[in-house]
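> Provided below are the primary sequence and the corresponding predicted coordinates.
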Amino acid sequence: MSAPKLSIVNLRKEFSDGSVAAVDGIDLDVAAGETVALLGSSGCGKSTTLNMVVGLEEPTSGDIRIDGKSVVGVPPGQRNVGLVFQDYAVFTSMSVRQNLAFGLKVRGIARSEIARAVDEVAELLGMADRLDARARDLGGSELQRVAIGRTLVTKPDILLLDEPLSNLEAAARLAMRKELRRLQKEAGLTIVYVTHDQVEALSLADRIAVMSAGKIKQVEKASIICDQPGHLFVAGFMGSPPMNLIRGKVDGSGGGLSFARDGFALTLPDGIALDPAEAAGQVVLGLRPEAIRLAPQDSDTLAATVQQVEPRGPEAVLTLDCAGQSLKVIVPASGRPQEGADVHLAFDRSALVLFSGKTDLRLPLHAGEAA
Ligand SMILES: Nc1ncnc2c1ncn2[C@@H]1O[C@H](COP(=O)(O)OP(=O)(O)OP(=O)(O)O)[C@@H](O)[C@H]1O
């Protein structure tokens, strides 16, 4: 990556009334023009991280650098970081034009320059014909566009978006996701995007940082994080349903390794070379629901019973009992089996991953390979 636009270095925040750190030593680089999502459930420290970047909270320790320069202690107004919340923070009594102009007006910018900047941002947001509308007459997604526009007119180095689509109806949320993708491209924005919604993170971010209990568990490209989770937590969090995770042991040696837990056993692909210390201990096998399919019985399939069928539009999620092991499998809705049916499962073994039972980290499966 070229020199990062934003560097978060070993950042920590303890609130005086709390015994645990809200943000517990996180590191994150964001490149110019990149969108990184901070993804995690409520209370994991996402908003606190953003608040420290914008300057609303001071870190307990660690550093925040913009273009290589520390901004810790620099007042929010001098950081050139824009923050947009889910609550639109738009003045409803003002027009769209007045709202967009507000941030520049309070900075004492010349009128002609404000007018130019407002026109430019209105154009970018597709709101050029709405400049004279009263904010109180706007719908949710228009209001959110104005809120983003109010920040964009100030030309922030970094745009921070904190759950910006949470207050929108499903259809408006979809439209705004598209709008944000267009903005990212056209304005080349550097964005840190906070969300608890993984579909939003997957569709908007270049990379996703998965947070849990104040820590970043993994930062990875959105395109591969579901298939290549580096940490057991991420494997159990990403995807709907998430990866099947089975705690067990690896048996055998050389070319004939297999994974076993009670009655459930699966041959591992040829050529796997596990660290002997890890192979001797507990491991967790991970297999995405998409990597298992129903198949005619043969020497390579395992028998299973369908316990639950959950239709989900064009597909269905099956919960199966396979030798005492509960598995989730996604199948096409048409031709799905009935509850109670006996089926056979074929496994895409090339898609399986193993995690250390000791560290919860993904294990390299081949000599010299990084997990
Ligand atoms: N001002 C504060 N004083 C004390 N504790 C706080 C304060 N702000 C946040 N916390 C605590 O810090 C932890 C992280 O909160 P934070 O709001 O950053 O999480 P989050 O991931 O953004 O969650 P949410 O999506 O619910 O906002 C929580 O346990 C929260 O209760």
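Sure, I can see it. What you are looking at is a predicted structure, and each value in this text was computed from that prediction instead of being measured. Numbering: from 1, shown residues only.
> what sits opposite the closest residue to Pro337 other than its chain neighbours in the beta ladder?
Excluding the flanking residues, the one nearest Pro337 by C-beta to C-beta, 6 or more residues apart in numbering is Val306, at 5.0 Å. C-betas here are computed from N, CA, C, even on glycine. Note on Val306: beta-bridge partners by DSSP bridges are Leu320.
> got the residues of the chain near the ligand?
15, 17-18, 22, 40, 42-48, 196 (C-beta under 6 Å from any ligand atom).
> burial count for the residue lying closest to Pro269 once chain neighbours are set aside?
Using C-beta to C-beta, 6+ apart and skipping residues adjacent in sequence, the residue nearest Pro269 is Arg349, 4.6 Å away. Applying other C-beta atoms under 10 Å, we find 16 other residues in the vicinity of Arg349.
> Flag every buried residue along stretch 66-86.
Buried residues in stretch 66-86, counting neighbours by 16 or more other C-beta atoms under 10 Å, are found at Ile66, Val71, Arg79, Val81, Gly82, Leu83, Val84, Phe85, Gln86.
> Quick one: end-to-end distance for it.
24 Å (C-alpha to C-alpha, to the nearest Å).
> got the domain boundaries for this structure?
6-221, 241-356 (automatic domain parsing).
> so can I have JSON lines of those domains showing mean pLDDT?
As requested, the domains of the chain are exported to JSON lines (pLDDT from 0 to 100):
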{"stretch": "domain 6-221", "mean pLDDT": "90"}
{"stretch": "domain 241-356", "mean pLDDT": "91"}
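> possible to save the ones you listed as TSV with distance to Pro364?
Below are the domains of the chain laid out as TSV (distance: least, C-beta to C-beta, whole Å):
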stretch	distance to Pro364
domain 6-221	15
domain 241-356	8
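> List the contacts of stretch 92-101.
90-91, 102, 114-115, 118, 121-122, 127, 130-136, 138, 146, 149-150, 153 (C-beta atoms under 8 Å, 6 or more residues apart in numbering).
> Which parts of this structure are helices?
Under the criterion DSSP state H, helices of the chain are mapped to 46-54, 96-105, 111-124, 140-152, 170-187, 198-204, 232-237, 276-280.
> Select, out of those, the one closest to Pro337.
Between Pro337 and the helices of the chain, the shortest separation by C-beta to C-beta is 25.9 Å, and it involves helix 232-237.
> Convert the closest one to PDB, retaining C-alpha atoms only.
The C-alpha trace of helix 232-237 is given here as PDB (Å, rounded to 0.1, in the frame of the first residue of the first chain):
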ATOM      1  CA  LEU A 232     -12.300 -18.200  14.400                       C
ATOM      2  CA  PHE A 233     -14.400 -15.200  15.500                       C
ATOM      3  CA  VAL A 234     -14.500 -13.800  12.000                       C
ATOM      4  CA  ALA A 235     -15.400 -17.300  10.600                       C
ATOM      5  CA  GLY A 236     -18.400 -17.400  13.100                       C
ATOM      6  CA  PHE A 237     -19.400 -13.800  12.300                       C
END
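> list the helices and strands it packs on?
strand 207-212, strand 215-221, strand 244-251, strand 282-287, strand 353-356 (3 or more C-beta pairs under 8 Å, 6 or more residues apart in numbering; DSSP states H and E).
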